[in-house]
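In: task: produce atomic coordinates for the following.
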Amino acid sequence: MSKRIALNAFDMTCVGHQAPGLWKHPRSRADEYNTIEYWTDVAQVLEKGLFDALFLADVVGYYDVYQNSAAPVIRDATQIPVNDPFMQISAMAAVTKHLGFGVTSAITYEQPYPLARKFATLDHLTKGRMGFNVVTSYLKSAAENHGLTEQISHDERYEIAEEFMEVCYKLWEGSWEDGAVKRDRVNGVFADPALVHPIQHHGKYFDVPGIGLTEPSPQRTPLIFQAGASSRGRAFAGRHAEAVFVGGIRPDLTRVVTDKLRDEAEASGRNREDLKIFAMLHVIVDETDAKAEQKRRDYERYADTDGALGLVGGWSGLDLGRYDENDVLEYIKTDSIQSFLTPFTTADPHKKWTIKEVAKHISMGGMGVPIVGSPQTVADELERWIDEGGLDGINLAYHVSPGSFEDFVEWVVPELQKRGRYRTGYEGTTLRENLYGKGQTKVLGTHPAAAFRGAYAGRPSAADTPARQLAL
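Out: Numbers count the residues shown, from 1 in each chain. You can find the predicted model right below:
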C-alpha cells in the first residue's frame, strides 16, 4: 500500500516569506497579515484541504548581511515587518476543528518556564492542536538585539536547546500527575497538591525549581518540529523531533539527509519511523501544464532578487553582493544555517550554482523546489519526492497567499485522493493524531519526553514543599 502524504502549509506572520516580491501580485493578500480576517481565511482554506497543520516560521532578527544593510529586505518586505506568530492562533482555532498549528520559537532567547506555559495554554485553547518548532536562531541581528555582543556559537546553541527541552518536558509531563486535577465541586478541590510536584531542575543554563503553572493539556507535550540538518542539528532532531523539516534540490539528494536523520533517531533509542520528515516544495498548478507554466511566468515578473539575496545573506552569513553574479557559490562554514549552502555547493558534485542562479531560485520559493504543471503532473512529482526522498510529507510554501493554497486544494488534493495518497477525512482531533493516527495524543514511549511521565510520583509535592521553595 502506498504511503499517505502528510501536508503542512508553510507560512510566516509577515508580508514576504519564501517568495520575495510576490506580495505585489494582484492575487496576493499577504499584505493583510495584520488582520485576523486574513489568518482565519487561510486557516479555513487549509482545513477544507485536510492539511495536517499550518507551520509558522519566525525570526527574532532581520536580514542585514547582504550589502551590509537591512535596506533591501525592508524595501521589499522580506520577512520584515514580522509579527509574533503566537497571537493569531486562537482566532484560527476558533474557525477550525482539526487543523494543527506549528509555531516557531527561537529558544536561544527564551526561558523555558514561561514558554512551556504559553504552549500548554494554546494546546488547551486549540483542544490539542499545537506544535512547537524548535529553532536556535541564526541571525547576528537577533543576538545583538537580545543583549549579546556576538552570536552564540552554533554548537553551544544546541547545548542550550538540549537543556531547554529537558526543562519543558519536566514541566509538561512530570510536574502534574495524571489525576491531579479533580474539579470536585462538592468537596471544593480543584486539584490535589499531593499530585503536583516541583521539578527541581538545576542545570548549566537553567534553574527551574518550581511547579508547572498549567494543568496538563490534551497533548501534554506539543508536537515537536525541528529543522536542523547540520550534524549537530541532525543529532538534536534524532533525539527530540517528531516532525523534521528538510530542504533539498533533488529527491535522491534529500534521501541522503532523511536516512541520516532516521539513523540519528535509531541511535537515540527510537524507531526510524518515529520521525515524520517533510521537505519544502512550492507548487504552481492549473488545469493544464501550459496554463501552469503561463502562471509561473506571470509570477516570475514580480520576483525580487535583491530580497532573495537578503534571505541568502541571513541564512548563510555571506554577503553575495560582494561578488560577481556569475561567480560559483562555494561552501563556507558559518554560525548561520550550516545546512543552507549544502544543496547549492556540495550535495551534487556535478552541478555548480552561480550566484545569479541561486538568487533566481530563491526569489521564486526560497529553499523549496518548484513543481509546475497540471494536477496530474504535480501529483506525479509529489509521489516521486515522497517515495524516492524517503519522506512522509510536504511543507507547502506559497507564491501568493492564500491563492497558492486555494489552487492546491482545488486541483491537487482531489488528484492525490483519487490515487489513494491523501486523506479523505481527519482521523482524530489533535495534531499528533493527524500524523500518528487516531488515539495517539501523547508522545510515543520512545520519545525522551516520555521518560518524565509520572517521574515525580512519590517525590516531594506541593502539599509538603514550602511555598517559598516553589517560588525560588
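In: which intervals of the stretch 101-250 of the chain have sub-threshold pLDDT?
Out: Along the stretch 101-250 of the chain, the model assigns pLDDT under 70 to no residue.
In: now the strands: where do they sit in the chain?
Out: Listed in chain order, the strands of the chain (DSSP state E) span residues 6-12, 53-57, 100-106, 130-135, 181-184, 189-191, 201-202, 207-208, 223-226, 243-246, 276-285, 369-373, 393-397.
In: OK, contacts around the residue most central in space within the chain?
Out: The chain has Asn133 as the residue nearest its centroid, 4.4 Å off, counting by CA atoms, centre = their mean. Going by CB atoms under 8 Å, 6 or more residues apart in numbering, Asn133 touches Phe55, Leu56, Ala57, Gly102, Val103, Thr104, Ser105, Phe225, Gln226, Ala227, Phe245. For glycine as for every other residue, the C-beta is placed from the backbone atoms N, C-alpha and C.
In: cutoff 10 Å now
Out: 55-58, 85, 102-106, 222-227, 241, 243, 245 (CB atoms under 10 Å, 6 or more residues apart in numbering).
In: who's it bridged to?
Out: Per DSSP bridges, the residues bridged to Asn133 are Thr104, Phe225.
In: who are the contact partners of the nearest residue to Met87 once chain neighbours are set aside?
Out: Closest residue in space to Met87, ignoring its immediate chain neighbours: Thr13 at 7.8 Å, by CB to CB, 6 or more residues apart in numbering. Neighbour list for Thr13: 33-34, 39, 56-58, 79, 81-88, 103-104 [criterion: CB under 10 Å, 6+ apart].
In: any idea how far Ile74 is from the residue nearest to the centre of the chain?
Out: 25 Å (CB to CB, to the nearest Å).
In: and for Lys351?
Out: Counting by CB to CB, the gap from Lys351 to Ile74 is 33 Å.
In: okay, the two: which has more neighbours?
Out: Neighbours were tallied for Lys351 and for Ile74 using other CB atoms under 10 Å; the higher tally belongs to Ile74 (16 against 13).
In: contacts only, for the closest residue to the more buried one other than its chain neighbours.
Out: In space, and not counting its chain neighbours, Ile74 is closest to Ile80: 5.9 Å by CB to CB, 6+ apart. Shown in contact with Ile80 (CB under 10 Å, 6+ apart): 14-16, 59, 61-64, 70, 73-74, 141, 310.
In: how about 6 Å then?
Out: Tyr62, Val73, Ile74 (CB atoms under 6 Å, 6 or more residues apart in numbering).
In: so which of those residues sit within helices?
Out: In helices, defined here by DSSP state H, the members of the contacts of Ile80 are Val73, Ile74.
In: out of the contacts of Ile80, which is nearest to Trp411?
Out: Val73 (32.1 Å; CB to CB).
In: shouldn't the closest one be in contact with Gly310?
Out: Yes - using CB atoms under 6 Å, Val73 is in contact with Gly310, at 4.0 Å.
In: common neighbours of those two, please.
Out: Common neighbours of Val73 and Gly310 (CB under 6 Å, 6+ apart) are Tyr63.
In: ok, these two, which is more surrounded?
Out: Comparing Val73 with Gly310 by other CB under 10 Å, the one with more neighbours is Gly310, at 34 against 28.
In: give the contact list for that one.
Out: Tyr63, Tyr66, Pro72, Val73, Thr78.
In: ok, which pair from the residues you listed is furthest apart?
Out: Going by CB to CB, the pair spanning these furthest: Tyr66 and Thr78, at 9.9 Å.
In: ok, the two, which is more surrounded?
Out: Here Tyr66 and Thr78 are compared on neighbour count by other CB under 10 Å; more neighbours surround Thr78, at 32 against 26.
In: ok, His197 to Trp176 distance?
Out: Distance from His197 to Trp176, by CB to CB: 8 Å.
In: also Gly310?
Out: Taken as CB to CB, the span from Gly310 to Trp176 is 45 Å.
In: out of the strands of the chain, flag the one nearest Gly439.
Out: Here strand 223-226 is closest among the strands of the chain (CB to CB), at 14.9 Å.
In: report the buried residues of that closest one.
Out: For strand 223-226, a neighbour-count test (16 or more other CB atoms under 10 Å) marks Leu223, Ile224, Phe225, Gln226 as buried.
In: need the nearest residue in space to Thr377, chain neighbours excluded.
Out: Asp289 (5.6 Å).
In: what's near enough to touch the one you found?
Out: Asp289 neighbours (CB under 6 Å, 6+ apart): Gly373, Ser374, Thr377.
In: for the last one, grab the count of nearby residues.
Out: Residues lying near Thr377 (other CB under 10 Å) number 17.
In: from Gly179, how far out is the residue nearest to Leu223 when sequence neighbours are not counted?
Out: Nearest non-adjacent residue to Leu223, counting by CB to CB, 6+ apart: Gly131, 3.9 Å away. Relative to Gly179, Gly131 is positioned 26 Å away (CB to CB).
In: Glu357 too?
Out: 60 Å.
In: neighbour count for those two, which is higher?
Out: Taking other CB under 10 Å, Glu357 and Gly179 do not tie; Glu357 has more neighbours (16 against 10).
In: nearest residue to Lys291 other than its sequence neighbours?
Out: Ser374 (7.9 Å).
In: same deal with Ile362?
Out: Take Ile362 and drop its neighbours on the chain: the residue closest to it by CB to CB, 6+ apart is Ala308, 3.9 Å away.
In: next: Glu215.
Out: Closest residue in space to Glu215, ignoring its immediate chain neighbours: Val181 at 5.0 Å, by CB to CB, 6+ apart.
In: and that neighbour, how many neighbours?
Out: Using other CB under 10 Å, Val181 has 16 other residues around it.
In: correct me if wrong: Ala19 contacts Val400.
Out: No - contact criterion CB under 6 Å: Ala19 and Val400 do not qualify, at 8.0 Å.
In: between these two, who's got more neighbours?
Out: Ala19 (30 against 23).
In: Ser461: what's it in contact with?
Out: Ala194, Val196, His197.
In: coming back round to it: select, out of the strands of the chain, the one closest to Arg384.
Out: strand 369-373 (9.6 Å).
In: among the contacts of Ser461, which ones are buried?
Out: Buried among the contacts of Ser461 (16+ other CB under 10 Å): Val196, His197.
In: redo the contacts of Ser461 as JSON lines? Include distance to Gly269.
Out: Output for the contacts of Ser461, formatted as JSON lines (distance: CB to CB, whole Å):
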{"residue": "Ala194", "distance to Gly269": "32"}
{"residue": "Val196", "distance to Gly269": "29"}
{"residue": "His197", "distance to Gly269": "25"}
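In: for the contacts of Ser461, which one is nearest Pro218?
Out: Val196 (18.5 Å).
In: tell me the spacing between the closest one and Ala120.
Out: Distance from Val196 to Ala120, by CB to CB: 14 Å.
In: Ile355 too?
Out: From Ile355 to Ala120 the distance is 45 Å (CB to CB).
In: contacts only, for Thr136.
Out: Thr108, Arg157, Ala161.
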